[in-house]
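In: Predicted model follows, preceded by the sequence.
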Amino acid sequence: ALTIGIVGLPNVGKSTMFNALTRNNVLAENYPFATIEPNTGIVPLPDDRLPVLADLVHTEKVVPATVTFVDIAGIVKGASEGEGLGNKFLANIREADAICEVVRAFEDDDIVHVNGHVDPADDIDTINTELILADLQTIDNALPKLEKDLRGKKIEPSYLEAVRKAKEILESGRTIDAAAQAGEIDKVDVFDLHLLTAKPFIYVFNVDDNELSNEDFKAKLAASVAPAPAIFLNAQFEAELTELDEADAREMLADAGLDESGLDQLARVGFDILGLQTFLTAGEKEVRAWQIHQGWTAPQAAGVIHTDFEKGFIKAEVVSYDDFVAAEGSMAKIKEEGKLRLEGKDYVMQDGDIVEFKFNV
Ligand code: GDP
């Protein structure tokens, strides 16, 4: 499964947030997702559509898609030089498919900040500098061989150019992800280097709960990392939420003027930056959200349910979630109103598709 690595300086609230994330899934009794390793948490992708569908098709069983988080400890200044747990840190982050950076924006005199004061921009700079330095080492190690390969005509000049461009970006103190979002480099061109900063980034600002509704405060922080997505949450508040049952949690959220928990937002945005999406199936046996890559075709999606479905794919019968709900789940009504679409092998799956695949065995 694709994973999101959680990183951040010490004492920013990572453990508090990670524990809340994993408790979140243990409490959700319907979901048979346990923490596999102490530092891995598999959490359900929040999807309000699933209980609605379960109600319509009269099933108790709901299986959501999941998002996998890995808690990566050990970032300190000098990590790229192997300081502290530096090497282990870099190896763990290399294995993750996206980076979730937790940044302290809450004030609390009792909790020591490693740099002596709360400064989100400075913290981000500290972490990103280590990642950037590690990437520069990767490039500097690769360059002599690439230059030789170019002379031997084993690689295209354009590849070496892209690598040099990446080096230039990193030397200017920016991540490849940020530069790619600004259209300065195409990540695909330097994919072979597996650079850390080419992974998609998501920033979580751990803020005081009274700042959660301070739009100015949040807008400034969001702008400092844009176009990377930013999530605002209070880790302690999130931890308290996970200890309540669903109704009480909703009430506590509403009292705070929020309609979704920060952890739910994080799961949704994380799923999205991993390049994933879902399609739905709804039957008497179960209602389920299946996880696929964005842009996958109907046969590829069918293959997620069963490999035979992909090989023997004939067609997909698709109805959109909205049409399904409008027809109260009645297939007869859906057909009568011409809302059932027959899609062939080139069909690209859309979010909210409720599907039944037809196949040869
Ligand atoms: P980590 O080192 O990044 O994993 O940070 P921890 O989750 O262990 O948190 C460090 C300390 O900060 C603990 O004492 C937490 O209770 C506290 N803490 C975490 N989140 C918040 C927060 O949002 N507000 C305040 N005031 N304290 C927090």
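Out: Okay, I see it. Here the structure is a predicted model, which means the values were calculated and not measured.
In: When you work out contacts or count neighbours from here on, use the C-alpha atoms and nothing else.
Out: OK.
In: Tell me how far the host helix or strand of Leu280 lies from the chain's centre.
Out: Assessed by DSSP states H and E, Leu280 sits inside strand 276-282. Its chain's average C-alpha position is 16 Å from that of strand 276-282, according to Cα atoms, centre = their mean, to the nearest Å.
In: Tell me the helix or strand right after it.
Out: Criterion used, DSSP H and E; the element after strand 276-282 is strand 287-293.
In: what's near enough to touch the closest residue to the ligand within the stretch 51-200 of the chain?
Out: Going by Cα to the nearest ligand atom, the ligand is nearest to Asp108 of the stretch 51-200 of the chain, at 5.0 Å. Contacts for Asp108 (Cα atoms under 8 Å, 6 or more residues apart in numbering) come out as none.
In: Does it fall in a helix, a strand, or a coil region?
Out: coil (DSSP: H, G, I helix; E, B strand; the rest coil).
In: So for it, what's the pLDDT?
Out: You'll see Asp108 listed with a pLDDT of 83.
In: same check, this time on Gly74
Out: 64.
In: what do you get for Ala1?
Out: Taking Ala1 on its own, its pLDDT is 83.
In: Helix, strand, or coil at the residue lying closest to it once chain neighbours are set aside?
Out: Nearest residue to Ala1, sequence neighbours excluded (Cα to Cα, 6 or more residues apart in numbering): Thr68, at 7.3 Å. What three-state DSSP gives for Thr68 is strand.
In: thinking Thr68 is in contact with Thr22, fair?
Out: No - counting by Cα atoms under 8 Å, Thr68 does not reach Thr22; the two are 10.0 Å apart.
In: In the stretch 51-200 of the chain, where is pLDDT below threshold?
Out: Judged by pLDDT under 70, the stretch 51-200 of the chain has its weakly predicted residues at 74-80, 82-86.
In: What parts of the stretch 251-361 of the chain come near the ligand?
Out: Taking Cα under 6 Å from any ligand atom as the criterion, the stretch 251-361 of the chain does not approach the ligand at any residue.
In: Residue in the stretch 251-361 of the chain with the shortest distance to the ligand?
Out: Gly262 (11.8 Å).
In: And that residue, how far from Phe357?
Out: 35 Å (Cα to Cα, to the nearest Å).
In: before we move on, what about Phe89?
Out: 43 Å.
In: for Ile99, same thing?
Out: 35 Å.
In: These two: which is more packed in?
Out: Ile99 (27 against 21; other Cα atoms under 10 Å).
In: Kindly spell out which helices and strands sit in contact with whatever helix or strand the more buried one lives in.
Out: Taking DSSP H and E as the criterion, Ile99 maps to strand 98-104. Contact here means 3 or more Cα pairs under 8 Å, 6 or more residues apart in numbering; DSSP states H and E; on that basis strand 98-104 packs against strand 3-7, helix 120-151, strand 201-206.
In: Swap in 6 Å and give it another go.
Out: Identification of packing neighbours for strand 98-104 by 3 or more Cα pairs under 6 Å, 6 or more residues apart in numbering; DSSP states H and E yields strand 3-7, strand 201-206.
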